[in-house]
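Colleague: pasting the sequence and the predicted model now:
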Amino acid sequence: MSGVPIADHALLSDCHTAALVTRHGSVDWLCCPRFDSPSVFGRLLDDDAGHWSIRPLGPFTATRRYLDQTLVLETTFHTPTGTLAVTDAMAVGPNEHPHGHSLGVGAPHMLVRAVSCRDGEVSMRLRFEPRAEYGLLRPLMSQVPGGLNVRGGPEWLMLSSPMPLTCATGSAYGEVTLRVGDELFFALHRSTWGLEPARIWSQEEIADWMTVTVQAWRAWSKLHQNYEGPWRELVHHSGRVLQGLTFRPSGAIVAAPTTSLPESVGGERNWDYRFAWVRDASFTMEALWVAACPDEAGDFFTFMTTAAAGAVGPDAPLQIMFGVNGEHDLTERVLPHLRGWRDSRPVRVGNGAWNQHQIDVYGELLGAAHLLADKISDMDDDIRAFLVALADTAVVRCREPDHGIWEVRGEPRHFVYSKVMCWVALDRAIALAGRLQAQDRVPAWSAARDEIRERVLRDGWSASAGAFTQYFGSADLDASCLMMPIVGFLPADDPRMLATIDAIADRLTDERGLVYRYRTEGGVDGLAGDEGTFLLCTFWLAQALAEAGRVNRATEVFERAAAYANDVGLLAEEVDPHTGELLGNFPQAFSHIGLINAAWAITQARHRAAL
Ligand SMILES: OC[C@H]1O[C@H](O[C@H]2O[C@H](CO)[C@@H](O)[C@H](O)[C@H]2O)[C@H](O)[C@@H](O)[C@@H]1O
């Protein structure tokens, strides 16, 4: 049964796709050439779905880290006879743009692995089992000088290997003893059908790709990362993770690079996150404003405008998520041949939420446009018209029930968060009216904004709960109400907000003090089973407390959540309330967004307190 702890994985990215590497040197997840392509290594979801491991033959302990300011991973194996280091990267190509923001433009679609003996001597073993199409195919493998030719179904790969490998059906393996100073370079290269064939690379060429990749990440980090404040390294690292979830060719940003890592072990809450949600991606752009100066804001708004293809207006709500190249149809299906991580089935690809009605997206997108307006140097007529259409659509749609931020699979409702985000949409559109050349719309936008506000204050508050709640007329708490002060709907020290923050801190948390999105008892979200606590929501609590001036409590909550980052600073979506293990897709943009924004809010609150 596949079941290496989720926290045992580290992320590699070339800003086209991502790989996950276990603590023991096995690449257990790689989809290529795009984030949402079928996997070639899928052991994350099933033992037989493919992997590539490099590790010592005998007993070892392992430590690992990212090379400074990069997403290049170094795993060090300590053995009784010596020390072996394996350095792994998805090659990003040179970062030649004068502002360093061409990360991934020249990516060769190549996974590179360098093995070096740092001390004594170590026998290592390599095992290579690619399984295209999510594990369906055992490829044909043949030896060629300097490596292996690997073909099967839609995939044609070349493995460059300096050591001889033995091929069995669909697998290759080999062993070699390295002495101090010995170095070997491996590369897995994917061809593009009909264009450039994959090829074998020399040791020097692979070493160069590795060097260039390290330099490219460092150039990007140096030019983009200015955040100074508490938890600086974690914030910068989170910025790199978010950058690593960006799809360079289009400017899209995925919610996470995995599918079907479950929200509860053995449960059915398993979703494919390898898509660009309007919500998640807008939040990512905003968090990058804090952590990494998003030079790519223009690309993102061009992506959104293109993906929506102008089909937004009062009669055509904005689709809530897209494929990384702007695809609309993301129909969900199950992969029955995969057992799932720790038997968490079904494994899904595609996402049934793609055609849900979620009216918060207008607020998230206009919120990001407002924050980043100065960064969108090329705000052309198409982008302007798109943003105006979003606000006009919010005026009409804000009165409708929807599926909400949590994408509940039941009846649409009047979710409080959705209404608040419609208020944000109009509030920010009014602020941007000059740049949007839409001053004539301001009276209509203002009237609608004020009407939503009144409705939320009246129907979103529950006297019995003593808090703002999940939807109009309910008494159920929902952590998304923590966003009300964060987006400026009400001041954080308003008595109603303080009561809501306290209610969530007291009644929507587990024994560890981590926050649930909402209570799942009774199948209120249309799904069976329960789920873990949600890291983004815990960071929201820290952020709301900071906004309310409760800086010490904010710091405590922040540190409680950040402590769940694994040894290489990565967070999944949720935490198992029973075991404290990370759960859900990994690494998830939401959680890193929450970390960055909460750190920033605490920094600001400390400054205010010091004045
Ligand atoms: O809980 C049911 C829903 O769970 C997923 O949605 C969550 O992830 C999205 C991507 O990060 C996020 O935008 C959303 O707010 C989260 O609730 C899943 O993608 C949905 O299909 C599912 O209905």
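Modeller: Good, I have the coordinates.

Colleague: from here on, contacts and neighbour counts on C-alpha atoms
Modeller: Will do.

Colleague: contact residues of the stretch 151-300 of the chain facing the ligand?
Modeller: 255, 271, 273, 277, 280 (Cα under 6 Å from any ligand atom).

Colleague: out of the residues you listed, which two sit at the greatest distance?
Modeller: 271 and 280 (14.7 Å; Cα to Cα).

Colleague: what about residue 128, which SS state?
Modeller: strand (DSSP: H, G, I helix; E, B strand; the rest coil).

Colleague: so what sits opposite it in the bridge?
Modeller: residue 52, residue 172 (DSSP bridges).

Colleague: mind listing what it touches?
Modeller: 51-53, 171-173 (Cα atoms under 8 Å, 6 or more residues apart in numbering).

Colleague: which pLDDT value goes with residue 532?
Modeller: On pLDDT, residue 532 comes in at 92.

Colleague: how deep is it tucked in, by neighbour count?
Modeller: 26 (other Cα atoms under 10 Å).

Colleague: and what of the one 10 residues further on?
Modeller: Other residues near residue 542 number 34, with proximity taken as other Cα under 10 Å.

Colleague: so it touches residue 559, yeah?
Modeller: No. Between residue 542 and residue 559 there is no contact under Cα atoms under 8 Å: 9.1 Å.

Colleague: most neighbours out of the contacts of residue 128, which is it?
Modeller: residue 51 (24 neighbours).

Colleague: can you tell me how far the nearest residue to residue 474 once chain neighbours are set aside is from residue 201?
Modeller: Of all residues not flanking residue 474 in the chain, residue 462 sits nearest, at 7.0 Å (Cα to Cα, 6 or more residues apart in numbering). Computed with Cα to Cα, to the nearest Å, the distance linking residue 462 and residue 201 is 65 Å.

Colleague: which stretches in the stretch 101-250 of the chain count as helices?
Modeller: 132-135, 203-224, 232-244 (DSSP state H, counting those that start in this stretch).

Colleague: ok, which of the ones you listed comes nearest residue 153?
Modeller: Judging the helices of the stretch 101-250 of the chain by Cα to Cα, what sits closest to residue 153 is helix 132-135, at 7.3 Å.

Colleague: burial check on residue 475, number of neighbours?
Modeller: Neighbours around residue 475, by other Cα under 10 Å: 18.

Colleague: show me what contacts it?
Modeller: Neighbour list for residue 475: 462, 464-465, 469 [criterion: Cα under 8 Å, 6+ apart].

Colleague: so where does the residue in the chain that the ligand sits nearest to fall, helix or strand?
Modeller: Taking Cα to the nearest ligand atom as the measure, the chain has residue 406 as its residue closest to the ligand, at 3.4 Å. Using DSSP states H and E, residue 406 sits within no helix or strand.

Colleague: where in the stretch 301-450 of the chain is pLDDT low?
Modeller: For the stretch 301-450 of the chain, the stretches flagged by pLDDT under 70 are 310-311, 377-378.

Colleague: would you agree residue 301 falls within a helix?
Modeller: Yes. Judged by three-state DSSP, residue 301 forms part of a helix.

Colleague: quick one: it and residue 383 touch, right?
Modeller: Yes. Counting by Cα under 8 Å, residue 301 touches residue 383, with 6.8 Å between them.

Colleague: before we move on, the earlier item: now do the contacts for the residue of the chain closest to the ligand.
Modeller: So residue 406 contacts nothing (Cα under 8 Å, 6+ apart).

Colleague: could you do residue 331 as well?
Modeller: 350-352, 354.

Colleague: just the closest of the residues you listed to residue 588, please.
Modeller: Taking Cα to Cα as the measure, residue 588 sits nearest to residue 351 out of the contacts of residue 331, at 16.0 Å.

Colleague: my guess is that closest one contacts residue 329. True?
Modeller: No. Under the criterion of Cα under 8 Å, residue 351 makes no contact with residue 329, lying 9.3 Å away.

Colleague: touching, residue 203 and residue 163? I think so.
Modeller: No. In this structure residue 203 lies outside contact range of residue 163 using Cα under 8 Å: 11.1 Å.

Colleague: give me every residue in this protein lying close to the ligand.
Modeller: Counting by Cα under 6 Å from any ligand atom, the chain sits next to the ligand at 255, 271, 273, 277, 280, 351-353, 405-409.

Colleague: which stretches of the stretch 51-200 of the chain form strands?
Modeller: Here the stretch 51-200 of the chain has its strands, by DSSP state E, counting those that start in this stretch, at 51-56, 61-66, 73-78, 82-90, 110-129, 140-144, 147-152, 155-160, 166-168, 171-179, 183-190.

Colleague: out of those, deepest packed?
Modeller: strand 82-90 (a mean of 25; mean count of other Cα atoms under 10 Å).

Colleague: distance between it and the chain's centre?
Modeller: 25 Å (Cα atoms, centre = their mean, to the nearest Å).

Colleague: partners of it, with directions?
Modeller: Strand 82-90 has the following sheet partners, assigned by DSSP bridges: strand 73-78 (antiparallel), strand 110-129 (antiparallel).

Colleague: adding distance to residue 178 and mean pLDDT, write those strands out as CSV.
Modeller: Listed next are these as CSV, based on distance: least, Cα to Cα, whole Å; pLDDT from 0 to 100:
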stretch, distance to residue 178, mean pLDDT
strand 73-78, 13, 98
strand 110-129, 5, 98
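
Colleague: quick one: closest of the ones you listed to residue 593.
Modeller: strand 73-78 (21.8 Å).

Colleague: so what's the gap between the closest one and the chain middle?
Modeller: Chain-centre distance of strand 73-78: 25 Å, with Cα atoms, centre = their mean.

Colleague: between strand 51-56 and it, find me the angle.
Modeller: Inter-element angle recorded for strand 73-78 and strand 51-56: 40 degrees (by axes from the mean of the first three to the mean of the last three Cα atoms, to 10 degrees).

Colleague: quick one: contacts of strand 73-78?
Modeller: With contacts defined as Cα under 8 Å, 6+ apart, strand 73-78 is touched by 10, 12, 23-25, 55-56, 60-67, 83-89.

Colleague: right, I'll leave it there.
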